[in-house]
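Engineer: Following is a predicted model, sequence given first.
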Amino acid sequence: MPDIETETLFTGISQLASPGAGQQRGAAMRELTVIQNAAMLIRRGTVVWVGKETDAPLAAHVHDLGGVAVTPALVDPHTHAVWAGDRLNDFEARVAGQTYESILAAGGGIRSTMRATAGASIPELTDLARPRLETLLRSGAATVEVKSGYGLDFPSELRMLLAVQLLAADTPATLLPTLLLHVPPETGRAEYVQAVCEELIPQVAAEGLAAAVDVFCEREAFSVEETRSIFQSARHYGLPFKLHADQFHSIGGTELACALGALSVDHLEASGEAQITALGASSTVATILPGVTLHLGLPAAPARRLIGAGACVAVGTDLNPGSSPLYSAQLALALSVRLNGLTLAEALTACTVNAAAALGLSDRGALVPGQRADFLALHLPDWRDLAYTLGSNPVRTVFVAGQPINQ
Ligand code: NIG
Ligand code: FE
């Protein structure tokens, strides 16, 4: 595939739709800029000019996109894309009436994925994860967060993070590894949390193995006090932190995360007024995961109320074998409109700049001068097809730093 030259003017853009750069909160999430008959100048992987094609500056090279819509590339701020084994028995049992939580409490669910993942080598893990990440990338996600959390012990957690590092070296997408403390051991949990704080987190920070630390704060997983200790350790060792909270029960994790300045709180299906108020008043991103609502039949996270309270809402796939086998960032965007009531403009903002903010990134997600030139050329001339289409891919080409990765 020929490389696009270092300075290229992209023309033939029927519509260019983009939110403004940086985190967008509340009503600002609806403020897209949509330019008809647009052009975009990219220099060395960065956007330097965007406007009407008739006003475009001269450039060394021109690339005609042929009259299609362009949006920023999507950012998937929440995946568990590295796992071994499957959860097909769980799925069948749930369809027959068992709940996700009862399966987990009986030693299945996440714990069964942990047993399978702990038995896999790093090459087996990368071979399993690579096609999943390629599918996400083709769906429009040029930046993808990938969590550990299926390790049975520290060495297997570290193997998962090493697998993400190897995958990152081998893809044009940006992959960001997160150390996830998922479920505590059945015995000796106080000692386990202490070792997480005093051994695992310092090692992960010292070796640069993760960009953030995450905790699953839930009745069947870590308590609020355990979460607090883990966050304090993350902060001490210079790692940002985020949280899985309010998936089934609101036990106080969201309030803690907002008070301590977490990057994001994710799930929020069971959030009520207190949690919505806390997110609305903090810069912590509220990440909603419509794939979980669909697959587990949970209530939808209260996105309208979050936006009404002034929160910064992002959307992720939560790609994982148990609660969200969703391999498309575009479909997550489309589902957030149907299941969470986002407007089309809010959904684009949630999947671009706000999802980047959930990862602590402000250099991408908007097609304005100074941002990374990660963008999508769709098949159709109207950008709204990105939110409309279900089950077919409306993305024709994904550009990463100005280069096409599929054509
Ligand atoms: O984000 N709820 C906790 N963790 C994941 C699910 C992981 C799994 O079921 O394997 C989630 O939903
Ligand atoms: Fe998750």
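Structural biologist: Alright, I've got the coordinates. Ligands and ions are numbered 1, 2, ... in the order given.
Engineer: got the residues of the stretch 251-400 of the chain near ligand 1?
Structural biologist: 292, 318, 320-323 (Cβ under 6 Å from any ligand atom). (Glycine included, C-beta is placed from N, CA and C.)
Engineer: Now Leu209: closest residue in space, sequence neighbours ignored.
Structural biologist: Leaving aside its sequence neighbours, Leu209 sits nearest to Leu161 (Cβ to Cβ, 6 or more residues apart in numbering; 4.3 Å).
Engineer: nope, Leu181 is what I meant
Structural biologist: Here the residue nearest Leu181, using Cβ to Cβ, 6+ apart, is Val215, at 4.8 Å.
Engineer: and the helix or strand where the one you found lies, does that touch ligand 1?
Structural biologist: Using DSSP states H and E, Val215 sits within strand 212-216. Yes - Strand 212-216 lies within reach of ligand 1 by Cβ under 6 Å from any ligand atom, at Phe216.
Engineer: what helices or strands is that strand leaning on?
Structural biologist: Strand 212-216 sits against strand 174-181, helix 224-236, strand 241-245, with contacts defined as 3 or more Cβ pairs under 8 Å, 6 or more residues apart in numbering; DSSP states H and E.
Engineer: Was I right to think the residue nearest to Leu209 contacts Ala212?
Structural biologist: No - at 11.5 Å, Leu161 does not count as touching Ala212 under the criterion of Cβ atoms under 8 Å.
Engineer: quick revisit: just grab the bridge partners of the residue nearest to Leu181 for me.
Structural biologist: Taking DSSP bridges as the rule, Val215 bridges to Leu181, Leu243.
Engineer: and the closest residue to ligand 1 within the stretch 1-150 of the chain, what does it touch?
Structural biologist: Proximity of the stretch 1-150 of the chain to ligand 1 (Cβ to the nearest ligand atom) peaks at Ile110, 4.5 Å away. By Cβ atoms under 8 Å, 6 or more residues apart in numbering, Ile110 lies in contact with 104, 150, 182-183, 322.
Engineer: Would you mind giving those as a markdown table with secondary structure and pLDDT added?
Structural biologist: Formatted as a markdown table, those follow (DSSP: H, G, I helix; E, B strand; the rest coil; pLDDT from 0 to 100):
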| residue | secondary structure | pLDDT |
| --- | --- | --- |
| Leu104 | helix | 91 |
| Tyr150 | coil | 97 |
| His182 | coil | 97 |
| Val183 | coil | 94 |
| Gly322 | coil | 97 |
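Engineer: Which of those residues ranks first by neighbour count?
Structural biologist: Most neighbours among the contacts of Ile110, by other Cβ atoms under 10 Å: Tyr150, with 30 neighbours.
Engineer: quick one: contacts for that residue?
Structural biologist: Neighbour list for Tyr150: 80, 82-84, 110, 113-114, 116-118, 156, 160, 182 [criterion: Cβ under 8 Å, 6+ apart].
Engineer: how far away is it from Cys217?
Structural biologist: 18 Å (Cβ to Cβ, to the nearest Å).
Engineer: which phi and psi does whatever residue of the chain ends up closest to ligand 1 have?
Structural biologist: Nearest residue of the chain to ligand 1 (Cβ to the nearest ligand atom) works out as Gly322 at 2.2 Å. Dihedral pair for Gly322: phi -100, psi -50, per degrees, to the nearest 10.
Engineer: Starting from the lowest-mean-pLDDT helix or strand in the chain, tell me the next helix or strand along the chain.
Structural biologist: Of all the helices and strands that make up the chain, helix 100-105 has the lowest average by mean pLDDT, DSSP states H and E, namely a mean of 92. As assigned by DSSP H and E, the chain's next helix or strand after helix 100-105 is helix 110-118.
Engineer: hmm, back to that, quick one: the residue nearest to Leu209 and Met29, what's the gap?
Structural biologist: Distance from Leu161 to Met29, by Cβ to Cβ: 32 Å.
Engineer: Equivalent analysis for Leu180, please.
Structural biologist: To Met29, Leu180 is 27 Å away according to Cβ to Cβ.
Engineer: Pick out whichever of those two has more residues nearby.
Structural biologist: Met29 (27 against 24).
Engineer: Now do the SS call for the more buried one.
Structural biologist: helix (DSSP: H, G, I helix; E, B strand; the rest coil).
Engineer: Now the residue most central in space within the chain. Nearest residue, chain neighbours left out?
Structural biologist: Closest to where the C-alpha atoms of the chain average out (Cα atoms, centre = their mean) is Pro77, at 1.6 Å. Leaving aside its chain neighbours, Pro77 sits nearest to Ala358 (3.9 Å; criterion: Cβ to Cβ, 6+ apart).
Engineer: Looks like that neighbour contacts Ala262 (just checking).
Structural biologist: No - if you go by Cβ under 8 Å, Ala358 and Ala262 don't touch, sitting 9.8 Å apart.
Engineer: anything in contact with each of these two?
Structural biologist: Lys242.
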